[in-house]
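Student: Pasting the sequence and the predicted coordinates here, then a few questions.
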Number of protein chains: 6
Amino acid sequence: MSQPISRFPVPELSGLPEDLRERILKVQEKSGFVPNVFLALAHRPAEFRAFFAYHDALMEKSEGLSKAEREMIVVATSAINECLYCVVAHGAILRIRAKNPRVADQVAVNVGKAEITPRQRAMLEFALKVARGGAGLDDSDFATLRYHGFDDEDVWDIVSITAMFAMSNRLANGLGIPPNPEFYGMGR
Amino acid sequence: MSQPISRFPVPELSGLPEDLRERILKVQEKSGFVPNVFLALAHRPAEFRAFFAYHDALMEKSEGLSKAEREMIVVATSAINECLYCVVAHGAILRIRAKNPRVADQVAVNVGKAEITPRQRAMLEFALKVARGGAGLDDSDFATLRYHGFDDEDVWDIVSITAMFAMSNRLANGLGIPPNPEFYGMGR
Amino acid sequence: MSQPISRFPVPELSGLPEDLRERILKVQEKSGFVPNVFLALAHRPAEFRAFFAYHDALMEKSEGLSKAEREMIVVATSAINECLYCVVAHGAILRIRAKNPRVADQVAVNVGKAEITPRQRAMLEFALKVARGGAGLDDSDFATLRYHGFDDEDVWDIVSITAMFAMSNRLANGLGIPPNPEFYGMGR
Amino acid sequence: MSQPISRFPVPELSGLPEDLRERILKVQEKSGFVPNVFLALAHRPAEFRAFFAYHDALMEKSEGLSKAEREMIVVATSAINECLYCVVAHGAILRIRAKNPRVADQVAVNVGKAEITPRQRAMLEFALKVARGGAGLDDSDFATLRYHGFDDEDVWDIVSITAMFAMSNRLANGLGIPPNPEFYGMGR
Amino acid sequence: MSQPISRFPVPELSGLPEDLRERILKVQEKSGFVPNVFLALAHRPAEFRAFFAYHDALMEKSEGLSKAEREMIVVATSAINECLYCVVAHGAILRIRAKNPRVADQVAVNVGKAEITPRQRAMLEFALKVARGGAGLDDSDFATLRYHGFDDEDVWDIVSITAMFAMSNRLANGLGIPPNPEFYGMGR
Amino acid sequence: MSQPISRFPVPELSGLPEDLRERILKVQEKSGFVPNVFLALAHRPAEFRAFFAYHDALMEKSEGLSKAEREMIVVATSAINECLYCVVAHGAILRIRAKNPRVADQVAVNVGKAEITPRQRAMLEFALKVARGGAGLDDSDFATLRYHGFDDEDVWDIVSITAMFAMSNRLANGLGIPPNPEFYGMGR
């Protein structure tokens, strides 16, 4: 596909600051391709660094929520923003991390019908309220999470992952970043 | 007011990493108080750093959009998410930067009725589309911005400021951060 | 500001019927300026009289709801209709009557985050349902108000104030009446 | 039907102020029954007087919009608020004034499918924008009305009738006023 | 009225397959006129046959839900799709089957205000959730129907009638089929 | 997966009427499994026959819209109803018929971002309006389809396929029919 990677100028790898180039080469080595969001955001190195520092702090943690659960939040909340990049790219990661080829399509289309635990459903329903703005969240919403065994750090993560991808969805939709074709079939 | 600063644990200044403490003392010195978002986010130093790095890259730039215009985007888009913290805190900054005691209330309540230029209105209408998700943005939306004289870097800023505050709004609503009482009267 | 007071012809004070002129001079004496809604509605004296008769019957009562509570209903419900005139003008009156410089901004942005009593929050949540049309109101909504100690006359007032400002919001938005600049800073 | 006329106390005719009793007897003589809204609002004589003064100023005019057109606005805008009283009672009056037994059901269900003129359709589409709050009305909306031949006084009437019934709908829904059974079959 | 029966070609009765012609003549004999949906759908005989086979299987049953209740579902759910044909034509049938000249207008405007039993209200509230897509239906929705005494076959009927008219509403709106004038006054 | 095929009784193949059993064995032979909708709807043989007669009349045509385009309409419109069964099952068929492993995910998430022709995009945007009820469709919507070369029979098909799946979506959501696991990976 010859679809452009962004509505904005995309820098050459060779002209990038060393830390960005390293990060990009590392993901390419791991995945076999460079996800478009890396190249698109590289247009602004300071923002690139902040974005991925935030991303890694929330998505690469090992304690608390599992990595599959973190990706589930991303896919479910990105779907309500119709963010093709995030649903497809993080859908791929979710399938791999959950070792389940169906769950990404399920949470993208209808969280209520997904093959997940009641605890995970409560997590996603809370995340969807945050994704829609979170203005009406009240004590009972937090109590429901506690009832399902989520502690303070887990709830912070649910809020923050959803918030961070509210940003990512709008960046991908606003900058016009399409998913790489490789993502569609990964983990099927 | 004795309202808590966050639904989550708020660290003591003395126990914070040096760079966070410095940043917080600096804002206190400048404003005369510590905006609650600094103390609330300090619970997670890595996320604090990423958040303010992103914030500064977008909000402290001198070229392109004026600083008042950047704050206008924040206030208009935070209002549709009913984010009290962001509307009140950035409303204060907007009044000061625009040297206009009315414009923050105006863009918070109804962008169409604000005392702003047609160019600024086009900027805010585009930002509101991004704030609502940005899924339907098409070439004509970008053409309207070009027609009003915004260049590539300006449009990137409009998208990114809106996206970054889509995150901030959800953090403030989800973590339960109230605006400091000082903000309400600033710049009136 | 030289913004027009209305999209429609605005009469000269000297040509108005005596009762309208008296009413307008009285409010000018009290406030130091003539709120734009008086001049705009004076284009139709019969409607002016009915409007202010209704307004005074609901807003100038001393028994039951406090005057600050009546204004709170106006500000909260006008905000969902994005009525700049009503939010700003009645926000000023609310600040003065509640002797609180923050509460108007709070109920305009997010009722759930305002520094008000649980009883006042129940009142505003009921009013917001009426403001959105009131078609789904059922016995449980009325029972909630009783539980908070509102009697028949209070509930009638909540319904009627909200209904009357559903009209005012649409008049101000439809006739194009901007708030006088004086309102923005009052009671801060 | 033994459905109550209001959720609130309904006064005896004999105990009412003379002007209210006269008004009510007059409508009874003309219609053969007392529309419930008269009895329900009589609980508050001052509000009753203001309500009907406003109503008569807008609905009983002979110049400009025809009386059928005024009722059309009421029925179309009351339908989006799901106000059973206003749709049924004013539907009856519309059928009689328009001498058309179908038009009330048509504008209540779908303005776009009604047997009305393009000018009337433009009028109702504008009214529906006002009914939804009117915050986004701009010059082009007013220009469309001018194009269809509406003058300043007509447009004022369209705005004000819609605004006044935004109030009436919320009063009828909030006070719980059902339509009299007689209205359903009138003008069929 | 000379309004066209459909945006698409309408076949001559004489050129129709025998089974369609018979069906149409039968309805004409019974009603005194041919409802427009028969002529409009006759453009595609195979679809005509499937449509009416489905319709008859759901609407002409004698056990379980009464025929009036089946029509109530049609009118209430067609109203939220603003389908003039279905509201008017099935409103007529509902008035006749329920022997009540008011109930069709009531369920079309506001189910909560209709003169129906609590069991019927529960049925319609469930149907409205299905009409809006049904994605969020959960065990508690089905439990509510059981509580009101609906068995498996009743619930299937509620789901299927609503689903079938979700189709009919879109066919009538998309093909542009107006109600026959005769329907408006039937059963009043 | 041991998820039930329906919230309602599912008949044994052996007890079904001959024509249903044949149809089901035929689809099993072709696909290697029985799609759940066949077994779920077999609970009501008359409705099963009408459903598949309608389905085949619209989805198995060779002239006009291609079979891939017909499936595109199904996937795009089922996504807005969050119908997991239809998105997943027809997504599989779309991938196969379009010989494109990405297009189903694309039209399910965001029609505006899909790798389709402008003509197909116009078709889907029209279909989405029908899916949302179709009440506001006007001459300009039909003119847009003509401009893209769709003739009367094509437009009828777009309306009718969308309408038929408005029904299917509600049946699958209301009866609780999950997609067979086989569908998720087909055509990838």
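Tutor: Here it is on my side, so go on.

Student: give me the residue from chain A nearest chain E.
Tutor: A:Asn110 (5.5 Å; C-beta to the nearest C-beta). (Each C-beta comes from the backbone N, C-alpha and C, glycine too.)

Student: Can you tell me the closest non-neighbouring residue to that residue?
Tutor: F:Glu82 (4.3 Å; C-beta to C-beta, 6 or more residues apart in numbering or on different chains).

Student: what about the one you found, how many neighbours?
Tutor: 21 (other C-beta atoms under 10 Å in any protein chain shown).

Student: returning to what we had before: the residue of chain A closest to chain E: what's it in contact with?
Tutor: With contact taken as C-beta atoms under 8 Å, 6 or more residues apart in numbering or on different chains, A:Asn110 is in contact with E:Ala135, F:Glu82, F:Cys83, F:Leu84.

Student: Name the nearest of those residues relative to B:His90.
Tutor: F:Glu82 (35.0 Å; C-beta to C-beta).

Student: State the three-state secondary structure for A:Met123.
Tutor: State at A:Met123, reduced to three classes by DSSP: H, G, I helix; E, B strand; the rest coil: helix.

Student: List the residues that contact it.
Tutor: By C-beta under 8 Å, 6+ apart, the contact list for A:Met123 reads A:Leu65, A:Glu69, A:Met72, A:Ile73, A:Leu145, A:His148, A:Phe150, A:Ile158.

Student: Highest neighbour count among these?
Tutor: A:Ile73 leads the contacts of A:Met123 on contacts (other C-beta under 10 Å) with 31 neighbours.

Student: Report the contact partners of that residue.
Tutor: So A:Ile73 contacts A:Met123, A:Leu124, A:Ala127, A:Ile158, A:Ile161, A:Thr162, A:Phe165 (C-beta under 8 Å, 6+ apart).

Student: Which element is encountered next along the chain beyond the one helix or strand the fourth one maps to?
Tutor: The reference is to A:Ile158. A:Ile158 belongs to helix A:152-175 when assigned by DSSP states H and E. Later in the chain than helix A:152-175, the nearest helix or strand by DSSP H and E is helix A:181-185.

Student: now that following helix, how far from the centre of its chain.
Tutor: 16 Å (C-alpha atoms, centre = their mean, to the nearest Å).

Student: Also stretch A:153-168?
Tutor: With C-alpha atoms, centre = their mean, you get 10 Å for stretch A:153-168.

Student: try stretch A:114-131
Tutor: 15 Å.

Student: so what's the most centrally placed residue in chain A up against?
Tutor: Nearest to the mean C-alpha position of chain A, counting by C-alpha atoms, centre = their mean, stands A:Val74 at 4.0 Å. By C-beta under 8 Å, 6+ apart, the contact set of A:Val74 is A:Met59, A:Cys86, A:His90, A:Leu94, A:Ile161, A:Phe165.

Student: Check A:Ala89 too.
Tutor: Going by C-beta under 8 Å, 6+ apart, A:Ala89 touches A:Pro35, A:Val37, A:Pro179, A:Asn180, A:Phe183.

Student: give the contact list for the nearest residue to the third one once chain neighbours are set aside.
Tutor: So that's A:Pro179. With C-beta to C-beta, 6+ apart as the criterion, A:Pro179 has its nearest non-adjacent residue at 3.8 Å, and that residue is A:Val88. Listed by C-beta under 8 Å, 6+ apart, the contact set of A:Val88 reads A:Pro179, A:Phe183, A:Tyr184, F:Asp105, F:Val109.

Student: Can you report how many residues neighbour the residue nearest to A:Gly134 when sequence neighbours are not counted?
Tutor: Of all residues not flanking A:Gly134 in the chain, B:Asn173 sits nearest, at 3.5 Å (C-beta to C-beta, 6+ apart). For B:Asn173, the count of nearby residues is 28 (other C-beta under 10 Å).

Student: how much space between B:Asn173 and chain F?
Tutor: According to C-beta to the nearest C-beta, to the nearest Å, B:Asn173 and chain F sit 25 Å apart.

Student: roughly how far apart are the residue of chain A closest to chain E and F:Val74?
Tutor: 16 Å (C-beta to C-beta, to the nearest Å).

Student: isn't the residue nearest to A:Asn110 right up against F:Ala108?
Tutor: No - here F:Glu82 lies out of contact with F:Ala108, judged by C-beta atoms under 8 Å, at a distance of 10.3 Å.

Student: Could you pull out the residues contacting both of the two?
Tutor: A:Val109.

Student: Kindly report the residues of chain A close to chain E.
Tutor: Counting by C-beta under 8 Å from any C-beta of the partner chain, the residues of chain A lying close to chain E are A:Asn110, A:Gly112.

Student: How many residues are close by A:Asp157?
Tutor: 24.

Student: Closest residue of chain A to chain C?
Tutor: Taking C-beta to the nearest C-beta, chain A has A:Ala135 as its residue nearest chain C, at 5.5 Å.

Student: Buried residues in stretch A:47-60, which are they?
Tutor: Across stretch A:47-60, burial judged by 16 or more other C-beta atoms under 10 Å in any protein chain shown covers A:Glu47, A:Phe48, A:Arg49, A:Ala50, A:Phe51, A:Phe52, A:Ala53, A:Tyr54, A:His55, A:Ala57, A:Leu58, A:Met59.

Student: Kindly reformat these as a markdown table containing pLDDT.
Tutor: Converted to a markdown table, those look like this (pLDDT from 0 to 100):
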| residue | pLDDT |
| --- | --- |
| A:Glu47 | 98 |
| A:Phe48 | 98 |
| A:Arg49 | 98 |
| A:Ala50 | 98 |
| A:Phe51 | 98 |
| A:Phe52 | 98 |
| A:Ala53 | 98 |
| A:Tyr54 | 98 |
| A:His55 | 98 |
| A:Ala57 | 98 |
| A:Leu58 | 98 |
| A:Met59 | 97 |
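
Student: Closest to B:Arg23 out of those residues?
Tutor: A:Ala50 (14.3 Å).

Student: Check which helix or strand the closest one maps to.
Tutor: Going by DSSP H and E, A:Ala50 is part of helix A:45-59.

Student: I'd like to check the angle between that helix and helix A:152-175, please.
Tutor: Interaxial angle, helix A:45-59 versus helix A:152-175 (axes from the mean of the first three to the mean of the last three C-alpha atoms, to 10 degrees): 140 degrees.

Student: which stretches of chain A aren't confidently modelled?
Tutor: Applying pLDDT under 70 to chain A picks out residues A:1-2.

Student: Can you name the residues of it sitting close to chain F?
Tutor: A:1, A:3, A:79, A:82-84, A:87-88, A:91, A:101-102, A:105-106, A:108-110, A:113, A:115, A:178, A:181, A:184-185, A:188.

Student: Taking the residues you listed, please make a PyMOL selection of just the buried ones.
Tutor: Here is the PyMOL command that selects the buried residues among these (16+ other C-beta under 10 Å):
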select buried, chain A and resi 79+82+83+84+87+88+91+101+102+105+106+108+109+110+113+178+184
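
Student: So which of the residues of chain A next to chain F belong to helices?
Tutor: A:Ala79, A:Leu84, A:Val87, A:Val88, A:Gly91, A:Asp105, A:Gln106, A:Ala108, A:Val109, A:Pro181, A:Tyr184, A:Gly185 (DSSP state H).

Student: any chance of the residues you listed in TSV, with distance to A:Ser31 too?
Tutor: Output for these, formatted as TSV (distance: C-beta to C-beta, whole Å):
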residue	distance to A:Ser31
A:Ala79	22
A:Leu84	18
A:Val87	17
A:Val88	14
A:Gly91	14
A:Asp105	21
A:Gln106	24
A:Ala108	21
A:Val109	25
A:Pro181	13
A:Tyr184	14
A:Gly185	13
